[in-house]
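> Need coordinates for the below:
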Amino acid sequence: MAQKRLNKRQQRLERQRRIKKKRRKRLAIILIEIIILTGLGVVAYGMFVMDKMDTTILNKDKLEVYKDTGDYTNIALFGLDSRDGKLDGGVQSDCIMICSIDNKTNEIKLVSVYRDTLLKVTQEKYGKANSAYNIGGPSEAIALLNRNLDMDIEKYISVNFNALADVVDALGGIDIDMTEEEVYWTNGYSVETSEVVGRGTKDLSGAGVHTLDGVQAVSYARIRYTEGMDFKRAQRQRIVLEKIAEKAQKANVVTLNNIVNKVMPQISTNLTTANMLGLAAHATDYKLGEMSGFPFEVTTCEKVKNHKGSYVTAVGLSQNVRELHEFLFNEKDYQPSDTVKQISEDVIYMTGVDPDTYKSTTDYSYKSGGEDSEDGN
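A predicted model of the protein is given here:
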C-alpha cells in the first residue's frame, strides 16, 4: 500500500514537472518567435497581452499593396527614435526591417532597409526612407516599402528605445564582441540614451567581448560614426537581435513574464489575436535564416538634386528589387513594376548614380545575422 501511494505521488510529480516544462517551452518559443519578428520586442500568448498593446487598425487602401508574394507572410518592423513614447507617427524610424516568413518551410529572413536610402517616401516627394514614418506613421512607412520594393506588406510592429533596453536588462544583458572604436562610440551614445531610458550605466573599456546592459545595447545599435557608417549600424542591429533571441531561449518563465508585462505597453501593432495565434501555431518550427541589408548594391551620394545632406543610394533600384525578390521569395528573373522602374530612373536623375557606368564594390551584408539613418543620431 505504501509503495502504491509512493508510485502515485511520483506519477503526480512527474505530470506536474511535464506540465511546467511544457508551459515554459510554450512561453519561450512564442516570445522567441516575436523577438525574431520585431527585432526588439516580445509578445506573449493570449488576450490579456493583446489588451496591453497599442493595437491599431490601418486602412488597406492606403498601404499601396503590390501583387501577392505567394506563400509568405511579410511584416514590417520599425524601431523608433522616440524620446517621449510616441509610436504612431511624428518620429523617425531608426530601424526599418522586413520580416518574411516562408509559410511552407517556416524559414524567417530579415532585411534591413538602410534608413537614409533615397526613395519615394510619399506619392509626391522623395527623401530618406526613415522620414515616411515621421510624415504619416505606420501607414506611410508600410506604403513606402510596398511602393518602392513591390511588396505586399499589410502588418507591422513598432517599438521604441525603452522597449529594447528593458528586454536586454530583463535578460541580464547580452554578450557582444566589440572593437575599440565601437566601445568608444557606445560610451558616447550612452549619455543621451541614459537620459531617454531613465537609468544610468557604466563606461566600457577596451576591445573584446562585453556584456552590455540595456542602455549600452541601445547605444551600440545606434552607432553610425565608424567605418561603414549607417550600413554597419544596421548590421549591429541584427547582431543585437540575434543575441536577444539566444538569451531568451535560456530565460525562465518568471523572466519572460516580466518582459511581457513591461514591454507590451511600448509596442504598437495591427497584428490581431487571430494573427498571433496563427504565428504561434508554427512557433516550434520557425528557424532564422539569412539576414541582409537593402539596397544590396549601394553607395552614398552627397549631391542630390533639390535635396540637402548625404543619402544612401541604390546602384540601380530596379536591379536591387530584383535581387530582393530572389533573396526573400526565390523569384528568379523577377521583373519590377513600372512604378519601381520609374522611381529607379528618378533616383538616377537626382543622383547621377547610373548602374550602367557605376560599380559598387562595398558589401555590408551580414549573412545570418544589417541597418539604417537620417540627419542626426
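> how about low-confidence regions in this protein?
The chain contains residues with pLDDT under 70 at 1-55, 81-90, 228-229, 277, 280-284, 359-377.
> count of neighbours near Ile142?
Applying the criterion other CB atoms under 10 Å, we find 29 residues in the vicinity of Ile142. Placement of C-beta: from N, CA and C, glycine included.
> whoops, Thr300 was the one
A total of 16 residues lie near Thr300 under the criterion other CB under 10 Å.
> If it is in a bridge, with which residues?
With DSSP bridges as the criterion, Thr300 is bridged to Val312.
> Identify the residues contacting it.
Contacts were defined as CB atoms under 8 Å, 6 or more residues apart in numbering; by that measure Thr300 touches Met229, Ser310, Tyr311, Val312, Thr313.
> With Arg199 instead?
Ala165, Gly214, Val215.
> Export only the CA atoms of the host helix or strand of Arg238, formatted as PDB.
Mapping Arg238 onto the secondary structure by DSSP states H and E places it in helix 229-248. Coordinates of each C-alpha in helix 229-248 appear next as PDB, following Å, rounded to 0.1, in the frame of the first residue of the first chain:
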ATOM      1  CA  MET A 229      28.600  54.300 -41.200                       C
ATOM      2  CA  ASP A 230      24.800  53.500 -41.500                       C
ATOM      3  CA  PHE A 231      25.500  50.300 -43.300                       C
ATOM      4  CA  LYS A 232      27.400  49.000 -40.400                       C
ATOM      5  CA  ARG A 233      24.800  50.300 -37.900                       C
ATOM      6  CA  ALA A 234      22.100  48.000 -39.500                       C
ATOM      7  CA  GLN A 235      24.500  45.100 -39.100                       C
ATOM      8  CA  ARG A 236      24.900  45.900 -35.400                       C
ATOM      9  CA  GLN A 237      21.100  46.000 -35.000                       C
ATOM     10  CA  ARG A 238      20.800  42.500 -36.500                       C
ATOM     11  CA  ILE A 239      23.600  41.300 -34.200                       C
ATOM     12  CA  VAL A 240      21.700  42.600 -31.200                       C
ATOM     13  CA  LEU A 241      18.600  40.800 -32.500                       C
ATOM     14  CA  GLU A 242      20.400  37.500 -32.600                       C
ATOM     15  CA  LYS A 243      21.900  37.900 -29.200                       C
ATOM     16  CA  ILE A 244      18.500  38.700 -27.700                       C
ATOM     17  CA  ALA A 245      17.000  35.600 -29.300                       C
ATOM     18  CA  GLU A 246      19.800  33.400 -28.000                       C
ATOM     19  CA  LYS A 247      19.400  34.800 -24.400                       C
ATOM     20  CA  ALA A 248      15.600  34.500 -24.400                       C
END
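> can you give me how far that helix is from the chain middle?
What separates the centre of helix 229-248 from the centre of its chain is 9 Å, taken as CA atoms, centre = their mean, to the nearest Å.
> Can you give me the buried ones in that helix?
Applying a neighbour-count criterion of 16 or more other CB atoms under 10 Å, one finds 229-245, 247-248 buried in helix 229-248.
> same question, stretch 64-76
In stretch 64-76, the ones that count as buried by 16+ other CB under 10 Å are Glu64, Val65, Tyr66, Thr69, Tyr72, Thr73, Asn74, Ile75, Ala76.
> Which of those residues fall within helices?
In helices, judged by DSSP state H, none of the buried residues of stretch 64-76 are found.
> Can you get me the start-to-end distance on stretch 120-134?
With CA to CA, to the nearest Å as the measure, the first residue of stretch 120-134 is 14 Å from its last.
> what's the spacing between that stretch and its chain's center?
19 Å.
> contact partners of it?
Against stretch 120-134 from outside (CB under 8 Å, 6+ apart): 78, 80, 89-94, 96, 113-119, 135-136, 140-141, 143-144, 147-148, 158, 307, 311, 343, 346-347, 350, 372-374.
> What helix or strand is Gln216 located in?
Gln216 is located in helix 214-222, with elements delineated by DSSP H and E.
> wait, Ser268
Per DSSP H and E, the secondary structure element for Ser268 is strand 267-269.
> Following the chain onward from that strand, which element is next?
With DSSP H and E, the next secondary element past strand 267-269 is helix 273-280.
> send the alpha carbons of the helix or strand just after that following helix over as PDB?
Under the assignment DSSP H and E, the closest C-terminal helix or strand after helix 273-280 is strand 287-294. Extracted C-alpha coordinates of strand 287-294, given in PDB (Å, rounded to 0.1, in the frame of the first residue of the first chain):
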ATOM      1  CA  LYS A 287      14.100  28.900 -37.900                       C
ATOM      2  CA  LEU A 288      16.000  32.100 -38.500                       C
ATOM      3  CA  GLY A 289      17.600  32.100 -42.000                       C
ATOM      4  CA  GLU A 290      19.700  34.700 -43.800                       C
ATOM      5  CA  MET A 291      19.800  38.400 -43.000                       C
ATOM      6  CA  SER A 292      21.000  41.200 -45.200                       C
ATOM      7  CA  GLY A 293      20.800  44.900 -45.800                       C
ATOM      8  CA  PHE A 294      19.000  46.700 -48.600                       C
END
